[in-house]
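[1] give me the fold of what follows.
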Amino acid sequence: MKKFFTLIAFIFISSNLQAQQNMPHSLLQKERNLIPDYLRASSNRSNSNDAPPLPVRTPAEWEEAQALLVAWTSYPEILAQIIQYAQEEVPVYVVTTNPTQVTNFLSNADISTDNVYFIEQDFNSIWIRDYGPWSVYANEVDSLWIADWIYNRPRPKDDVIPQAVATAFDLPIFEAVEEPEDLVHTGGNFMVDGWGTGFSSSLIVEENPDKTVEDIDNILHDYLGIDRQIIMEKLPYDGIHHIDMHMKLLDEETLLVGEYPNGVADGPQIEANIAYIQQNYPNAFGKPYKIIRIPMPPENGLYPDTFGDYRTYTNAIFINKTLLVPTYEETYDTTALRILQENLPGYKVKGINCNDIIPSLGALHCITKLVMSDDPLWISHQKVQSSYNLSTYPVNAYIANKEGVSGALVHYRVKGESEFSILSMQTSDTENWYNWTAQIPYYPSGTTIEYYIEAFANSGKSQRKPISAPEGFYKFTVTDDGTVGLEDLYPSHTNTSLSVLPNPASTATLITLKNIPQKWGKVSLLDFLGREISIIEEGIFANDNLSIPFSTLPYANGIYFIKYETQEGFSLLEKIIIHQ
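    As a prediction, this is how the structure comes out:
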């Protein structure tokens, strides 16, 4: 009852403030004094305070979405363009108290409303990225649920929008709002890779002063399936400290990073943060992240350290096969759009002028939120790298669907050819049918191979990786042009291979090493941060092929790595998922 009266009192005190819908992205000075009462009131806002009953996975933004959410208020011209492009991919759900007003505006702009729907709900601001719902899947790809936390602004009408979305889509909602699992957070300061890794600035620690980093990690794990949280230092000139203002995951392996001229504005701290990631955190496949840099454009020659707007291209939004990108001036936009198109082949890369909204410290990503597919056919793939002459070139993928996977194909061709050849992928994981592989045949040095993956669920659904295929595809080049390769550095390891099956493993798995030299070696288990947990086998290996049974029962569910290494520095790494 006490919490009920606290909530009523808070709403009464702040009623004039909350009546506004043109509220800035940043925290107003008069809002700061309201935060203590707001946080107390938020902890009694629903009856869904328990964590999800099953392990969950938060999908990455580039995975398949079923809808896009926007809140209709300030900047209607920008919202209208978002709706125009987005509804070619998915239905657009507009949060509004006046659907007629939205319909009239779109009609006057000659924008179709055939794929536009409305959630009639009052709200406080346009920044739905920060307060909107997070899609999570039970057991990786099963039931779609909604997860939420306490919005880090005292804007209670914004904070209950996830409940309205859950109702509109008839989805269960799980909210981290009740002590001790109450979490204050914001969507612009959170991005995920689909494999249990989350990224945030240190703002998440500052806004939860009653919790340790371990406490925060546990909440993110329970509600969003995050096994590894990468926390970076805040940037000095980013007033809201949201990472989507200067970085973006393009896929499981690739970070798009905003770049300033040397020593300018937030450039030094961005570079320090990226170095910290590269030195401490491998990507989902155990390799260093690929870093793609994109300019942070000035405003009339000024950057944020000299009072220029915080212009950014990383504040873009994936909507299935489309990427919407904020733009500002053609001089800089041309370069940015080219960089994105080159690294996201086949995607429709559309620019939307954001000069009106960027002074409020936000752009397209900040004012949109996805509702992910309720029937995902998830394909995760480590891209084939440019490789030395081999007899074949393996293409591996992790593929999952709640109805099961019936088969998968690799479509490949030599660069310059118009037609793709097809290979059937095989799985040796007969228990779960998650790990699939195919072998692209030998090609001579200098050949560039283009390829994509297509998977089929037992339900008849199909999906491609990249999602933009066949217009988009991956590629690698065969080389032996004198570059130093494995045969030069480690001649005895030219054909050495490491495999782990079954994977995922529930109780046990088999580690297989082939073509290893009969000398000292070590096989060990690493955690997701690359730290050694246990030594599985160590010593002089007497045979060139080795099979090691390995029990996974002593270890918690999660993502690990099996590592084989020798004294001269050669090593192989294979990811293993333990799921009991």
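
[2] check contacts around Ile226.
    Thr58, Val192, Gly196, Thr197, Gly198, Asp217, Leu220 (C-beta atoms under 8 Å, 6 or more residues apart in numbering). Bear in mind the C-beta positions are built from the backbone N, C-alpha and C, glycine included.

[3] check the residue nearest to the fifth one when sequence neighbours are not counted and give its pLDDT.
    Sequence neighbours aside, Ile226 is the residue nearest to Gly198 in space, at 4.2 Å (criterion: C-beta to C-beta, 6 or more residues apart in numbering). pLDDT for Ile226: 97.

[4] how near is Ile226 to Ile204?
    Distance, Ile226 to Ile204, by C-beta to C-beta, to the nearest Å: 11 Å.

[5] before we move on, back to that, so which of the contacts of Ile226 belong to strands?
    Counting by DSSP state E, the contacts of Ile226 place Val192, Thr197, Gly198 in strands.

[6] need these in CSV (columns: pLDDT, neighbour count and distance to Met232).
    Formatted as CSV, these follow (pLDDT from 0 to 100; neighbours: other C-beta atoms under 10 Å; distance: C-beta to C-beta, whole Å):
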residue, pLDDT, neighbour count, distance to Met232
Val192, 98, 21, 15
Thr197, 97, 23, 13
Gly198, 98, 21, 11
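
[7] ok, so of these, who is nearest Gly132?
    The closest of the ones in strands among the contacts of Ile226 to Gly132 turns out to be Val192 (C-beta to C-beta; 14.6 Å).

[8] first vs last residue of stretch 194-211, how far apart are they?
    One end of stretch 194-211 to the other measures 25 Å (C-alpha to C-alpha, to the nearest Å).

[9] how many residues are close by Pro209?
    7 (other C-beta atoms under 10 Å).

[10] rewinding a little: as CSV, the contacts of Ile226 with distance to Phe123 would be great.
    CSV is the format used below for those (distance: C-beta to C-beta, whole Å):
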residue, distance to Phe123
Thr58, 23
Val192, 25
Gly196, 31
Thr197, 31
Gly198, 26
Asp217, 30
Leu220, 25
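
[11] ok, these vs Tyr398, which is closest?
    Once C-beta to C-beta is applied, the member of those that ends up nearest Tyr398 is Gly196, at 12.8 Å.

[12] which of the helices or strands spans Ala80?
    Take DSSP states H and E as the rule and Ala80 turns out to sit in helix 76-86.

[13] just checking, what packs against that helix?
    When contacts are defined as 3 or more C-beta pairs under 8 Å, 6 or more residues apart in numbering; DSSP states H and E, helix 76-86 packs onto strand 65-71, strand 92-96, helix 99-108, strand 322-327, strand 348-353.

[14] mind checking how far it is from the chain centre?
    Put simply, helix 76-86 sits 23 Å off its chain's centre (C-alpha atoms, centre = their mean, to the nearest Å).

[15] got it, and stretch 206-214?
    Relative to where its chain is centred, stretch 206-214 has its mean C-alpha point 23 Å off (C-alpha atoms, centre = their mean).

[16] now do stretch 251-268
    Centroid displacement of stretch 251-268 relative to its chain, using C-alpha atoms, centre = their mean, is 17 Å.

[17] avg pLDDT for it?
    Rounded mean pLDDT across stretch 251-268 is 97.

[18] output the helices and strands packed on helix 76-86 in CSV; the columns should cover mean pLDDT, mean neighbour count and distance to Asn139.
    As requested, these are exported to CSV (pLDDT from 0 to 100; neighbours: other C-beta atoms under 10 Å; distance: least, C-beta to C-beta, whole Å):
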stretch, mean pLDDT, mean neighbour count, distance to Asn139
strand 65-71, 98, 24, 19
strand 92-96, 98, 22, 26
helix 99-108, 97, 14, 37
strand 322-327, 98, 23, 29
strand 348-353, 98, 19, 32
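
[19] out of these, which comes closest to Pro36?
    When those are ranked by proximity to Pro36, the top entry is strand 65-71, at 25.9 Å, counting by C-beta to C-beta.

[20] residues in contact with stretch 266-277?
    Residues outside stretch 266-277 that contact it (C-beta under 8 Å, 6+ apart): 230, 232-238, 246-247, 255, 257-261, 289, 291, 296, 304-305.

[21] could you redo the last one with a cut-off of 7 Å?
    230, 232-233, 235-238, 246, 257-258, 260-261, 289, 291, 304 (C-beta atoms under 7 Å, 6 or more residues apart in numbering).

[22] got the buried residues for that stretch?
    Neighbour-count burial for stretch 266-277 flags Asp266, Gly267, Gln269, Ile270, Glu271, Asn273, Ile274, Ile277 (criterion: 16 or more other C-beta atoms under 10 Å).

[23] before we move on, what about stretch 302-319?
    Buried residues in stretch 302-319, defined by neighbour count with 16+ other C-beta under 10 Å: 303-304, 308-319.

[24] returning to that earlier point: now the residue nearest to Gly198: how far from Thr427?
    Per C-beta to C-beta, Ile226 is found 28 Å from Thr427.

[25] tell me the gap between the one helix or strand Thr334 maps to and the middle of its chain.
    Using DSSP H and E, Thr334 maps to helix 330-343. For helix 330-343, the separation from the chain centroid amounts to 22 Å (computed by C-alpha atoms, centre = their mean).

[26] domain-wise, how is the protein divided?
    2-372, 378-479, 492-578 (automatic domain parsing).

[27] perfect, I'm done here.
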